[in-house]
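In: my questions are about this predicted structure, shown below with the sequence.
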Amino acid sequence: MTHMLSKSSNMIKVALFQPDIPQNTAAIIRLCACFGCELQIIGPCGFFLDNKNFKRIAMDYKNKCKIKSFTSFDDFKNQKNTKRIILMTTKAKKKYFNFNFKPTDTILFGRESLGVPQIVHQVANERLVIPIQKNTRSLNIVTSVSIALSEALRQNSLL
């Protein structure tokens, strides 16, 4: 079952730090398109966004998703419309469901292979974790984006 989401100028944004797996990024484009959220991609990427295979994976959702690219983390953090940067990381203590998301938040996810460097941890306004079993390493980034974004949208009655 699908429902139409209300459009808001203050919509939660998803940001990917130097993504390196095109299939994951394509799936996140589809997710953001379906939820009406802007996707911000912080370069450099481990692949080309204009690559024929990437375009095939992203299908027509790339045209339905507002995508903003940044050449570096400095460019990303210096943009004027970012209110709070919420970093999703396995290194946080605060659980995502105990946090109050705001409609102006940007939820940032690290590179699949390396996460984010310490400077990103320092710049983030909050660091949150999705709790998982102790004998497991991490969730796939698409799953993590789905969980965190759904909760942020739910809290702000944007679903």
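Out: Noted; the coordinates are in hand. Residues are numbered from 1 along each chain as shown.
In: show me the helices in this structure, by range?
Out: With helices called from DSSP state H, the chain shows them at 22-35, 52-58, 73-77, 118-123, 141-155.
In: quick check: which of those helices is buried the most?
Out: Burial of the helices of the chain is given as mean neighbour count (mean count of other Cβ atoms under 10 Å); helix 22-35 ranks first at a mean of 20. From N, CA and C alone the C-beta is placed, and that goes for glycine too.
In: pLDDT of that helix, averaged?
Out: For helix 22-35, mean pLDDT rounds to 91.
In: now for it, which elements pack on it?
Out: Counting by 3 or more Cβ pairs under 8 Å, 6 or more residues apart in numbering; DSSP states H and E, the packing neighbours recorded for helix 22-35 are strand 13-17, strand 39-42, helix 52-58, helix 141-155.
In: so which of the helices of the chain gets nearest Ile130?
Out: With Cβ to Cβ as the criterion, Ile130 lies closest to helix 141-155 of these, at 5.5 Å.
In: find the least confident helix or strand in the protein, judged by mean pLDDT.
Out: helix 52-58 (a mean of 68; mean pLDDT, DSSP states H and E).
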